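Colleague: Sharing a sequence plus its predicted fold:
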Amino acid sequence: MPPSSRQVAVFDDRPFFAKALAHGVRAGILDRERLQRILDDGPKGIVQIAEYFGTQYLRPNIEQALVRMVNLVSLHLEETSGGDLDAAARSLRENTFLSHSRGGSEMLKRLWAMPEDSSIGIDGRQSQKEFLALWSLRSLAEYRRMLEHRQVQQAVVSTALELAGRLGLKRSEISTVASESLIRSAVLVYLSGSKPPAIPTRAGLAAIVAGLRGKGVPGAGRRQLDEVMKTLPPACATIAKNNLRKVEAEDIPKILDGSRPLNEVIQRIEPFYFLREFDIDDASVADATLSNNWKKLTGGKTDDHSLLTVFVCLAAGVPARSSLSRSAARTLVRKARAEGLASPLVTAFIRDSAPHEMQDDLEALWNEFFPEIEATLLDDEDTSLNEALDFLRENCIVV
C-alpha cells in the first residue's frame, strides 16, 4: 500500500491563536522577545476581562477570562488573516497581543449593533455586556453565521428606509414596523404607476388596488419600478426584487381576481403593507374608492327607507334605485312573484361596496327586514298587489 494511502488526518482543535503562535515559532516569524511581550500582556488582558464581567478576585472568573481572551484573539486573528497561519503569525509579531483581544471584542460589538431582525422601532436586544459574555465564548463559525444573518437583516432595514425616504416618508414617521411591509408598499406604489409616488394611506392603497383591478399592471409602472431598481445599491436592489416577486406571486393575482369582492381583497392584503396614518378625510376617500357602486346606486342616501329600496331592487333582480315610481314598484313585485327574492345578492353588495363601518349594521337591517318583505311580496293571496305595494310605500321610497 502506498505511503500516502496510510496517512491519517489529524484533527487539531486548538484555538486559532495557539496554532498561529506555534506556527510562528516554527517558521521563525516570532522571536523570543515577541513571545515575552505576549506573555507580559496576557495577564493584563485577563484581569481586564475578568473585571469587566465580574471580578478579578475569584479564581473561576480568572479562568473563564483566560478562555474569553484566547477566544477573542483567535476570532480576530482568524478573521483578519483568512485562516492563513503565516499572516496570523506576522500580525502577532507586528501588533500587540492586547490589540488582538480588543479587535475580537470590536468584532462582537459591531455584530451586537446590527439588527437581530428586520423590524424598525423595536429594540428588544440583550445588553451589550450580556451579548459579549455569550459571544466571547463562541467559535468563528458561529460568529460568521450570525454575521451573515444580521447583514441580511441590515440590508432589509436599509432598503426599507431608502425606499421610504424616496417616497417622502421621514424616519421620524416610522415606528414599530416590519421593514418588509414598507418595501412591499413602495414596490406596489411604483408598480402601479402612481403619480406622484408616495407611501399610501389606507385610502391610497384602496385607490391603487381599484386602479390595478380595472386596468391591470400598467407598462409605465413596470418601467418606473425598473428605473428605481437601477438606482438602488446592489444589496438593496436584491431585497427589493425579492419583494417584487412576492407582490407579483401573492398579491397581484388576488387584486386581479374579479370573482372576489374588492373589500375582501383589501382586507386580505392590507396586513402585509405599511400605510401612513390617515385621518377622517382619508377614511372617507378610502370608503368612496371601495364603494364605487355604493354612491352610484344609493345616490348618496343614507336613510333606512332609501337603502331598503336599493336592497329590495337587488334582491328582486331589477335595476337598483333609491326610489321607485309606482309602475316600477308594480314591476318589481311581479318579478319577485315570478322568480323569488335573492337575499344573498344584497348581503354580497353590502360586503363588497358599503363603507366598512356601516356593513354590520346594514346587514343586520336587511336580515331583520327580509323575512317580512319576502312574506308580503310573495303572498299569492294578494292578487291585486295592493298589500305588497302598501308595504313598499310604508318601508321603502315609492313616489
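Modeller: Done, it's in.

Colleague: so who does residue 114 touch?
Modeller: 147, 150, 151, 153, 154 (Cβ atoms under 8 Å, 6 or more residues apart in numbering). The C-beta positions use only the backbone N, C-alpha and C, and glycine is treated the same way.

Colleague: Quick one: residues contacting the residue nearest to residue 306 when sequence neighbours are not counted.
Modeller: Using Cβ to Cβ, 6 or more residues apart in numbering and skipping residues adjacent in sequence, the residue nearest residue 306 is residue 322, 4.2 Å away. Contacts for residue 322 (Cβ under 8 Å, 6+ apart) come out as 297, 298, 299, 301, 306, 307, 309, 310, 397.

Colleague: Make sure residue 322 is indeed in a helix.
Modeller: No. According to DSSP: H, G, I helix; E, B strand; the rest coil, residue 322 belongs to no helix; its state is coil.

Colleague: what's the spacing between it and residue 41?
Modeller: 89 Å (Cβ to Cβ, to the nearest Å).

Colleague: Stretch 120-131 - what's its average pLDDT?
Modeller: Averaging pLDDT along stretch 120-131 gives 80.

Colleague: do stretch 238-255 as well
Modeller: Rounded mean pLDDT across stretch 238-255 is 93.

Colleague: ok, the contacts of residue 114 vs residue 234, which is closest?
Modeller: residue 151 (13.2 Å; Cβ to Cβ).

Colleague: What is the helix or strand where the closest one lies packed up against?
Modeller: According to DSSP states H and E, residue 151 maps onto helix 140-166. Contact analysis of helix 140-166 by 3 or more Cβ pairs under 8 Å, 6 or more residues apart in numbering; DSSP states H and E lists helix 59-81, helix 97-113, strand 119-120, helix 128-135, helix 179-192, helix 234-246 as its packing neighbours.

Colleague: ok, which stretches of the stretch 201-350 of the chain are helices?
Modeller: 202-215, 219-231, 234-246, 252-256, 262-269, 280-290, 292-298, 304-316, 326-339, 343-353 (DSSP state H, counting those that start in this stretch).

Colleague: Got the domain ranges for the protein?
Modeller: Domain ranges of the chain: 13-100, 162-288, 291-395, per automatic domain parsing.

Colleague: How far away from the center of its chain is the second one?
Modeller: So that's domain 162-288. Put simply, domain 162-288 sits 12 Å off its chain's centre (Cα atoms, centre = their mean, to the nearest Å).

Colleague: Equivalent analysis for stretch 362-381, please.
Modeller: Relative to its parent chain, stretch 362-381 has a centroid offset of 45 Å by Cα atoms, centre = their mean.

Colleague: pLDDT of it, averaged?
Modeller: What stretch 362-381 shows for mean pLDDT is 91.

Colleague: which parts of that stretch are buried?
Modeller: For stretch 362-381, burial by neighbour count (16 or more other Cβ atoms under 10 Å) applies to 362, 365, 366, 369, 370, 373, 376, 377.
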